[in-house]
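Peer 1: starting from these lines, generate the structure:
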Amino acid sequence: MPSRYDFTEIKDADGILKEVTFMPSNIENIDTALYNHIKDELALRTTTNKGNVVVPVLWVAGERAHQIKNSRDQDIRDANGIFKLPLMTVERSSMTKDPAFKGTWQAHMPDFGRGFHRIARVNIPAGRVINQQKTSNFTNAFSARKRGVNNNVGRGQSNFPRKGPGPTVYQTIYQPIPIWVNATYNLRIRTEYVQQMNDLIQPFYTFTGQANSFFVTNEGHRYEAFVEGDISYSNNITNYGEEERTYISDIKIKVLGYLMGDGVNDPKPKFTVVENFVEVKIPRERVIVGDINTFLDEDEEGKGFYRE
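Peer 2: Model prediction:
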């Protein structure tokens, strides 16, 4: 079976080029990062008739069957199926592909297909490390090598110190170019009392400090989020009907995210690991008459030397 890297004309290229899959950064991952941050990291509390409790958080856009099961697990519905207060809900209201928000790599780079050209032109370098084992092997092999016509040039000893830098094997890691998006979410807080509302909205003013941003993470991906300064309020206390008294506040949160593959219509994203060449050898063409020796044993002073 032919190798997928045959086009490189490199012997055993599959050992040099390697692809490692990783968890994608998709729309669902961005949603989950913000939801988990509000639900688990903040874990806002307030006082109810059951004492000081953690306020449940519900994802509005979830499947109805999952919502019903989740609400039962969290005990947020009463016997009539009505949500108990206080309650927080999260919903993604919009998503924008904003060219103004971009990283260092913002230019459009078309996909040239799989293989080395894809690595070089479409993916971007994410980091570089030294392969200590292979670098050590090359250095020891160079130190142990004896050269010259009579094999009298060189130390012939492994681990012998050498002058100047030796051959170094680097592993360069490439990643797909991310697509930057702005996702806007609406966090709605419903409470039964004003004091409960005060307890729940104050952390959104204070937990970011003087800055207005914070970070959310999920599956190894990290996104920056911003809380808009204006929080809207509404209530039904002026309505003297039989409706339950409710205070409502809406908080807008914008998440600066990025998309990197996976899904029904996208391939799973991959880190590509590439190793460099440490030595290039060009064969020399010999002639019958007038050929110059590459290695000379002795010079005019009787000292042996090696000519590169």
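Peer 1: who does Val129 bridge with?
Peer 2: Gln171 (DSSP bridges).
Peer 1: roughly how far does Ile30 sit from Phe214?
Peer 2: 14 Å (Cβ to Cβ, to the nearest Å). Where you see a C-beta, it was placed from the backbone N, CA and C, and this is true even at glycine.
Peer 1: these two: which has the busier surroundings?
Peer 2: Ile30 (25 against 18; other Cβ atoms under 10 Å).
Peer 1: now for this structure, the helix or strand with the poorest mean pLDDT.
Peer 2: Ranked by mean pLDDT, DSSP states H and E, the helix or strand of the chain with the weakest confidence is helix 116-117, at a mean of 41.
Peer 1: report the buried residues of stretch 85-101.
Peer 2: Buried residues in stretch 85-101, defined by neighbour count with 16 or more other Cβ atoms under 10 Å: 85-90, 92, 95.
Peer 1: just put those in JSON lines and tack on secondary structure.
Peer 2: JSON lines is the format used below for the buried residues of stretch 85-101 (DSSP: H, G, I helix; E, B strand; the rest coil):
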{"residue": "Leu85", "secondary structure": "coil"}
{"residue": "Pro86", "secondary structure": "coil"}
{"residue": "Leu87", "secondary structure": "strand"}
{"residue": "Met88", "secondary structure": "strand"}
{"residue": "Thr89", "secondary structure": "strand"}
{"residue": "Val90", "secondary structure": "strand"}
{"residue": "Arg92", "secondary structure": "strand"}
{"residue": "Met95", "secondary structure": "strand"}
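Peer 1: quick one, helices of this protein?
Peer 2: In the chain, the helices defined using DSSP state H lie at 27-36, 64-74, 116-117, 132-144, 194-206.
Peer 1: closest to Phe271 out of those helices?
Peer 2: Among the helices of the chain, the nearest to Phe271 by Cβ to Cβ is helix 116-117 (15.4 Å).
Peer 1: show me the domain layout of this structure.
Peer 2: Using automatic domain parsing, the domain parsing of the chain gives 6-23+103-175+269-306, 27-92+183-250.
Peer 1: ends of the last one, how far apart?
Peer 2: End-to-end distance of domain 27-92+183-250: 22 Å, with Cα to Cα, to the nearest Å as the criterion.
Peer 1: quick one: the strands in the stretch 201-308 of the chain, in order.
Peer 2: Residue ranges of the strands in the stretch 201-308 of the chain, as given by DSSP state E, counting those that start in this stretch, are 213-218, 221-227, 232-235, 247-259, 270-275, 295-296, 305-306.
Peer 1: out of those strands, indicate the one that is most buried.
Peer 2: strand 247-259 (a mean of 19; mean count of other Cβ atoms under 10 Å).
Peer 1: that strand to helix 194-206, inter-axis angle?
Peer 2: Between strand 247-259 and helix 194-206, the angle comes out at 30 degrees (axes from the mean of the first three to the mean of the last three Cα atoms, to 10 degrees).
Peer 1: what angle separates strand 247-259 from strand 221-227?
Peer 2: Here strand 247-259 points in a direction 140 degrees away from that of strand 221-227 (the same axes, to 10 degrees).
Peer 1: now strand 247-259: average pLDDT?
Peer 2: Average pLDDT, strand 247-259: 93.
Peer 1: report the angle between the axes of it and helix 27-36?
Peer 2: Put simply, strand 247-259 runs at 140 degrees to helix 27-36, going by the same axes, to 10 degrees.
Peer 1: just checking, what packs against strand 247-259?
Peer 2: In terms of contacts (3 or more Cβ pairs under 8 Å, 6 or more residues apart in numbering; DSSP states H and E), strand 247-259 is packed against helix 27-36, strand 179-191, helix 194-206, strand 221-227, strand 232-235.
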